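Student: got a structure for you, letters missing:
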């Protein structure tokens, strides 16, 4: 009977990782402050779908932009999306500290808004004929190093 109970028991010894806060934000110099998106991670074995199930909707989000503290609030445009409560511009070369707090976790980024990049000339050089090459899709590499899916083919190396 004891052997039967041991065999019927099903405990997992796999550690369960707590949800982690993930922040997506892109600040463009000279442009209005953008919305930011907050999501949470899921355990490794669960399928990840961007949407209400992974959105973080109850976080505290603050941006200190060159001494001006700007709060962000949830945006109705999408789950996990936050907008600044005041209109402001991401001033080039302005220092910033971005902070998001959620369930005891804090995500923080600090830096300087880079100046805009201005391109005055773009030159593209494409050879008249392709060159022979070994083609390898690095996103499709298998654990077996002998099965890399490489093949021979031709490419046009483009210089920009």
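Tutor: Sure, I can see it. On a predicted model such as this, the values are computed, not experimentally measured, just so you know.
Student: how many neighbours does the nearest residue to residue 55 once chain neighbours are set aside have?
Tutor: Nearest non-adjacent residue to residue 55, counting by CB to CB, 6 or more residues apart in numbering: residue 80, 3.1 Å away. For the C-beta atoms, the positions are set from N, CA and C on the backbone; glycine is no exception. Residue 80 sits with 23 neighbouring residues when counted by other CB atoms under 10 Å.
Student: where's residue 80 relative to residue 38, distance?
Tutor: Counting by CB to CB, to the nearest Å, the gap from residue 80 to residue 38 is 5 Å.
Student: And the residue nearest to residue 55, how far from residue 51?
Tutor: For residue 80, the distance to residue 51 - CB to CB - is 9 Å.
Student: where along this structure do the helices fall?
Tutor: Under the criterion DSSP state H, helices of the chain are mapped to 2-8.
Student: Mind picking out the helix or strand in it with the poorest mean pLDDT?
Tutor: helix 2-8 (a mean of 49; mean pLDDT, DSSP states H and E).
Student: just to revisit the earlier point, now for residue 80 and residue 38: what residues contact both?
Tutor: By the contact definition CB atoms under 8 Å, 6 or more residues apart in numbering, residue 80 and residue 38 are jointly contacted by 55-56.
Student: mind listing what residue 68 touches?
Tutor: Contacts of residue 68 (CB under 8 Å, 6+ apart): residue 88.
Student: need the contact list for the residue nearest the centre of the chain.
Tutor: Compute the mean C-alpha point of the chain, and by CA atoms, centre = their mean the closest residue is residue 24, 5.5 Å away. Neighbouring residues of residue 24 by CB under 8 Å, 6+ apart: 36-39.
Student: Take these and write them to TSV, including pLDDT and distance to residue 60.
Tutor: Formatted as TSV, those follow (pLDDT from 0 to 100; distance: CB to CB, whole Å):
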residue	pLDDT	distance to residue 60
36	97	12
37	96	15
38	97	10
39	95	16
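Student: Which residue ranges of the chain form strands?
Tutor: Ranges of strands in the chain, per DSSP state E, are 21-24, 36-40, 60-65, 68-74, 81-84, 95-102, 105-112, 131-135, 151-155.
Student: how far out from the middle of the chain is the fourth one?
Tutor: Think strand 68-74. Remark: strand 68-74 is offset 21 Å from the chain centroid, using CA atoms, centre = their mean, to the nearest Å.
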